[in-house]
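In: Have a look at this prediction, sequence included:
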Amino acid sequence: MTDPVLLWSYLTQAPLLWLCVTLLAYWAGDTAFRASGRKPWVNPVLVAVILLACLLWVTGTDYSAYFEGAQFVHFMLGPATVALALPLHANLGRVRRAALPILVALVAGSVTAIGSALAIAWLLGVDPHTLAALAPKSATAPVAIGISESLGGAPTPPAGLGLLTGTIRAIVAPPPLHALGVRDWRARGFSVGVAAHGIGTARAFQVHETAGAFASIGMGLNAVLTALIAPWVLALFQ
């Protein structure tokens, strides 16, 4: 009978193991998401992260070893981010007509997201290295990782924090928008895209096509603006 420990040691040497495990974890998350009736708190990415974290912990696998096998998924984040230009191009006329409100909302949302996170962390005595990782948390993951590294922060916290940020904001965003009387799908989608990036955008597409398109625009523009202003805002707390 094959020793399970030896079998696992053998499997971990296969270059595609962790890529396959990642895809299976996401499939399990998506299955759970559909079974829940598409509830935002049963997010497929969140479920996949929890499953993978548990597996790495149980098997004693270092994150670096996992990342070496699953880095193709990380590589695909780049083309996915570039693809954000498509909804912007498709809705360029509508964006131009609402340029001023979009600009004001973008600046307000981006500055608030960066400033509030850094202010709370600074008051709690967080070290500068962690502050740098917190600054881009509301940008989409590949951009946040790049910004964090350029600021001297670790690359992995922005991805995890971004996941939590997106999940929480996708859940809590609708009630305040309803209470404030925001009925325009462009405004609702854009605000969710700026605040909750990829996860919020995916949720917006499930609710309404126009909301999803403007959420994509908000996410893309916020990523660009965050890259520009994050170093300046961070400098105020260092």
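Out: Nice, thanks for sending it over. Numbering: from 1, shown residues only.
In: contacts, neighbours, all on C-alpha from now
Out: Fine.
In: distance between stretch 231-238 and the chain's centre?
Out: 22 Å (Cα atoms, centre = their mean, to the nearest Å).
In: whoops, I mixed them up, stretch 66-74
Out: Computed by Cα atoms, centre = their mean, the chain-centroid distance of stretch 66-74 equals 17 Å.
In: for it, which positions count as buried?
Out: Within stretch 66-74, the residues scored as buried using 16 or more other Cα atoms under 10 Å are 66, 69, 70.
In: Okay, now the unreliable bits of the chain?
Out: Filtered on pLDDT under 70, the chain yields the residue ranges 1-15, 74, 77-78, 81, 84, 154-160.
In: tell me what the top helix by length along it is packed against?
Out: Assignment by DSSP state H gives helix 209-235 as the longest helix of the chain. Contact here means 3 or more Cα pairs under 8 Å, 6 or more residues apart in numbering; DSSP states H and E; on that basis helix 209-235 packs against helix 85-90, helix 99-123, helix 141-150, helix 185-207.
In: Tell me which residues of stretch 209-229 come out buried.
Out: 210-223, 226-227, 229.
In: Distance from the chain centre to that stretch, please.
Out: Offset of stretch 209-229 from its chain centre (Cα atoms, centre = their mean): 12 Å.
In: Go ahead and confirm residue 122 touches residue 236.
Out: No: Residue 122 lies out of contact with residue 236 (Cα atoms under 8 Å); the separation is 10.3 Å.
In: ok, these two, which is more surrounded?
Out: With neighbours defined as other Cα atoms under 10 Å, residue 122 and residue 236 compare such that residue 122 has more, 16 against 10.
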